[in-house]
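Colleague: Here is a sequence with its predicted model. Questions after.
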Amino acid sequence: MPGRASPFLGLESVTLSCGVRNYGKTGRTNGALSGVAATGDGTHRMAFDINGDWPKDASTYVGVVEAEFCDSPGAAGGAR
């Protein structure tokens, strides 16, 4: 379906702390973690890359996604 996220693309989904439903995918290689994230309708999208040693847990990149989708002006839950 055009304009909708598809589970057949290997996308993962999560509802962020501010209530925004987010779809994305991460991948890694030696020394880098890359990811993409978007709202289901595709109106808000981002891509990121984290270089260096692997984080011990997902909090580093979850924090990046939370900051983009929950702290940005106009985000659900209000801006900081």
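Modeller: Perfect, thanks for sending it.
Colleague: could you point out where the protein is predicted with low confidence?
Modeller: 1-9, 53-58, 72-80 (pLDDT under 70).
Colleague: Swap in 50 and give it another go.
Modeller: The model of the chain has pLDDT under 50 over residues 1-2, 74, 77-80.
Colleague: now the helices: where do they sit in it?
Modeller: 59-70 (DSSP state H).
Colleague: now the strands for it?
Modeller: 12-15, 21-29, 32-39, 45-51 (DSSP state E).
Colleague: which of those is buried the deepest?
Modeller: Of all those, strand 32-39 has the most neighbours on average by mean count of other C-beta atoms under 10 Å, namely a mean of 17. C-betas here are computed from N, CA, C, even on glycine.
Colleague: Which of the strands of the chain sits closest to residue 70?
Modeller: Residue 70 lies closest to strand 21-29 among these, at 9.6 Å (C-beta to C-beta).
Colleague: Report the strands that pair with the closest one, each with its relative direction.
Modeller: strand 12-15 (antiparallel), strand 32-39 (antiparallel) (DSSP bridges).
Colleague: what is the orientation angle of it with helix 59-70?
Modeller: Using axes from the mean of the first three to the mean of the last three C-alpha atoms, to 10 degrees, the inter-axis angle of strand 21-29 relative to helix 59-70 is 140 degrees.
Colleague: Using CSV, list the CA coordinates for strand 21-29.
Modeller: The C-alpha trace of strand 21-29 is given here as CSV (Å, rounded to 0.1, in the frame of the first residue of the first chain):
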residue,chain,number,x,y,z
ARG,A,21,4.3,5.2,16.6
ASN,A,22,7.6,4.8,14.8
TYR,A,23,8.9,2.3,12.2
GLY,A,24,12.5,1.7,11.4
LYS,A,25,15.4,-0.6,10.8
THR,A,26,19.0,-0.7,12.0
GLY,A,27,22.1,-2.4,10.6
ARG,A,28,25.7,-2.6,11.6
THR,A,29,29.2,-3.4,10.4
